[in-house]
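Enquirer: What follows is a predicted structure for the sequence shown.
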Amino acid sequence: MSTSHVWIWYTTVGIILTVATVAAIRGGLTSRHALTAIRLAQQEVIAARSAHPEMTTPQALQDAEAMLSKAYEALAARRYEEAMAAASKARQLSNASLEPQTP
């Protein structure tokens, strides 16, 4: 193989890898998407926690904190869809803990 063929080969491989990387980033969920969802959920859980300064925490808020932990575990395991789903559930639960409780 001549030198020009090697450069053509390297250039072709480089272009293919670049296109594949860009397509993967644009086409699928990434850690950045999951982390953004988790951070939003974390902010809402913190806001709900500050709305309940009493010693007894509503069950919905406890469940939200548990879901937030699951979201972080899924993120660490690179299960981004699962992390985003857990973060979404944590947001729902934290919002539910802010609703007035009926006796």
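Expert: All right, it came through fine.
Enquirer: Check the average confidence over the helix or strand hosting Thr11, would you?
Expert: Using DSSP states H and E, Thr11 sits within helix 3-27. Average pLDDT, helix 3-27: 73.
Enquirer: immediately after that helix, which helix or strand?
Expert: Counting by DSSP H and E, the element after helix 3-27 in chain order, helix or strand, is helix 31-51.
Enquirer: could you give me the average pLDDT of that next one?
Expert: 87.
Enquirer: And it, what's buried?
Expert: By 16 or more other CB atoms under 10 Å, the buried positions in helix 31-51 come out as 34-35, 37-38, 41-42, 44-45, 48. Every residue, glycine included, has its C-beta placed from N, CA and C.
Enquirer: I'd like to know which of these is nearest to Thr12.
Expert: Ala34 (33.3 Å; CB to CB).
Enquirer: looking at it, the closest one is touching Ala77, isn't it?
Expert: No. Using CB atoms under 8 Å, Ala34 is not in contact with Ala77, being 10.8 Å away.
Enquirer: So which residue is dead centre in this structure?
Expert: Closest residue to the average C-alpha location of the chain: Ala34 at 1.7 Å, with CA atoms, centre = their mean.
Enquirer: how about it, what does it touch?
Expert: 71, 74-75, 80, 83-84, 87 (CB atoms under 8 Å, 6 or more residues apart in numbering).
Enquirer: circling back to that earlier point, want to try CSV for the buried residues of helix 31-51, with distance to Thr11 as columns?
Expert: Shown next, in CSV, are the buried residues of helix 31-51 (distance: CB to CB, whole Å):
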residue, distance to Thr11
Ala34, 34
Leu35, 34
Ala37, 38
Ile38, 40
Ala41, 44
Gln42, 45
Glu44, 48
Val45, 50
Ala48, 54
